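Asker: Below are the sequence and a predicted model; questions follow.
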Amino acid sequence: MEILYSFLDNTGFAELTIWNVMMMMIGITFISLAIMKHYEPLLLLPIGFGIIVGNIPIIEGMDLSVYGEGGMKLLETGEIIYEPGSVLSYIYYGVSQGIFPPLIFLGIGAMTDFSTMMSNPKLVLLGAAAQVGIFLTILAALFMGFDGQESAAIGIIGGADGPTAIFLASQLAPQLLGAIAIAAYSYMALVPVIQPPIMKLLTTREERLIRMPPPRRVSKREKIIFPIVAFLLCAMIAPGSIVLVGMLFFGNLMKESMVTDRLAATARNAMIDIVTILLGFAVGASTQAKTFLVWDSVQIFVMGAVAFGIATAGGVLFAKLMNLFLREKINPLLGAAGVSAVPDSARVVQMVGQEEDPHNFLLMHAMAPNVAGVIGSAVAAGVLWSIL
């Protein structure tokens, strides 16, 4: 019986709490949304399984422990999530030190075509306007009692860019990293649910029926020059954005130069897939119930939803404002693509537009503010990091 009791004491059931079960159910929900609804499956499935893994009670002294020696003290401060030297600590290192997000930006750059944005530069303003969600959320977080660095990390959720949110949170507020990452990726996955009602509420049927003229053809020389010039401008304006923006435009230069096809193919396929797996799993596994199911996490989720809605509304309303001064009107739906959930928000613009007119093709035009939003959120993160 002593052997049996010793065995039972060393199983996960002995330390399992209702809070662990709740987190596991959240993980299963993420997996279900990824498989059944196809909501960002490349992100939600690794995160969901990671949440399940991170909430299995671990026996003290097994080197997988999420607490380690003096665990409660470390747990309260949020400075260390995994015991130093454990397997998960090495995987999580890429998140906590901000290594994975720039590598993802490299892959994004290698798969992004900036030609639509270059052919119609005024659509870049929509990507900038959508970043209003970031700064209004920062003010809200300050009002709710978070300090400046925490507020900045929370506010970046409004950019709807998971890697950027993780990068800034890892630098400014590592104790909130798990909640911010889960909130950012959750709202990215729910783009098709959150954005359409806001877009329809703020536009008339006549506005949604506006057709955009075909974009002009962009030359190969322009495509090669653009990432170099754009990087120099962004880096000079916000030196803190060098890490993210530099990798983004470096990846794009490899793609457009046509002389590094192997490198570009690796960046946009094998490398970004590997990093996405590790990032999603590590972020999910960092959400232990004792650190995640707290009042701060609830506030972050609420503010994240508000930030995302404000960003969508900001882009749409700014497009309507631009139409007051433009001779050739733009479809205000394009403003919703200013949030940098690439390419889901652009697809939502196409979907909502075709509900009114099945022959109105907005996807190509929506990619302009969409990729501009990626740049805008990275620059905003750089500015916040530089200041704070």
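Answerer: Happy to help now that I have it. The structure displayed is predicted, hence computed values, not measured ones.

Asker: Tell me how far the residue sitting nearest the centre point of the chain lies from Leu142.
Answerer: The C-alpha lying nearest the average C-alpha coordinate of the chain belongs to Gly162 (CA atoms, centre = their mean; 1.6 Å). For Gly162, the distance to Leu142 (CB to CB, to the nearest Å) stands at 23 Å. Glycine gets a C-beta too; all of them are placed from N, C-alpha and C.

Asker: Next: Gly376.
Answerer: Applying CB to CB, the value for Gly376 to Leu142 is 21 Å.

Asker: The two - which one has more neighbours?
Answerer: The neighbour count for Gly376 versus Leu142, taken as other CB atoms under 10 Å, is higher for Gly376 (27 against 16).

Asker: In the helix or strand Leu248 falls within, which residues are buried?
Answerer: With elements taken from DSSP states H and E, the one containing Leu248 is helix 242-257. Judged by neighbour count (16 or more other CB atoms under 10 Å), helix 242-257 contains these buried residues: 242-256.

Asker: go on, stretch 349-360?
Answerer: Neighbour counts over stretch 349-360 (16+ other CB under 10 Å) mark Val349, Gln350, Met351, Val352, Gly353, Glu356, Asn360 as buried.

Asker: Return the list of helices and strands in contact with the helix or strand containing Trp385.
Answerer: Assigned by DSSP H and E, Trp385 belongs to helix 363-387. Applying 3 or more CB pairs under 8 Å, 6 or more residues apart in numbering; DSSP states H and E, one finds that helix 363-387 contacts helix 115-119, helix 124-129, helix 132-143, helix 148-155, helix 162-172, helix 220-237, helix 242-257, helix 344-356.

Asker: please redo it, this time with the cut-off set to 7 Å
Answerer: helix 115-119, helix 124-129, helix 162-172, helix 220-237, helix 242-257, helix 344-356 (3 or more CB pairs under 7 Å, 6 or more residues apart in numbering; DSSP states H and E).

Asker: neighbouring contacts of the shortest one?
Answerer: I take that to be helix 115-119. The contact list for helix 115-119 (CB atoms under 7 Å, 6 or more residues apart in numbering) reads 123-124, 215-216, 218, 222-223, 226, 364-365, 367-368, 371-372.

Asker: if you average pLDDT over it, what comes out?
Answerer: Averaged over helix 115-119, pLDDT sits at 90.

Asker: Buried ones among the contacts of helix 115-119?
Answerer: In the contacts of helix 115-119, burial by neighbour count holds for Leu123, Val124, Pro215, Val218, Lys223, Phe226, Met364, His365, Met367, Ala368, Val371, Ala372, counting by 16+ other CB under 10 Å.

Asker: and of the residues you listed, the nearest to Leu4?
Answerer: Lowest distance from Leu4 to the buried ones among the contacts of helix 115-119 (CB to CB) belongs to Val371, with 60.6 Å.

Asker: got the CA positions of stretch 245-252 in PDB?
Answerer: Provided in PDB are the C-alpha atoms of stretch 245-252 (Å, rounded to 0.1, in the frame of the first residue of the first chain):
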ATOM      1  CA  VAL A 245      11.100  46.000 -39.500                       C
ATOM      2  CA  GLY A 246      14.600  45.100 -40.500                       C
ATOM      3  CA  MET A 247      13.800  41.400 -40.600                       C
ATOM      4  CA  LEU A 248      10.500  42.100 -42.500                       C
ATOM      5  CA  PHE A 249      12.200  44.100 -45.200                       C
ATOM      6  CA  PHE A 250      15.200  41.800 -45.400                       C
ATOM      7  CA  GLY A 251      12.900  38.900 -46.100                       C
ATOM      8  CA  ASN A 252      11.100  40.900 -48.700                       C
END
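
Asker: so how far is it off the chain centroid?
Answerer: The chain centre lies 17 Å from the centre of stretch 245-252; the measure is CA atoms, centre = their mean, to the nearest Å.
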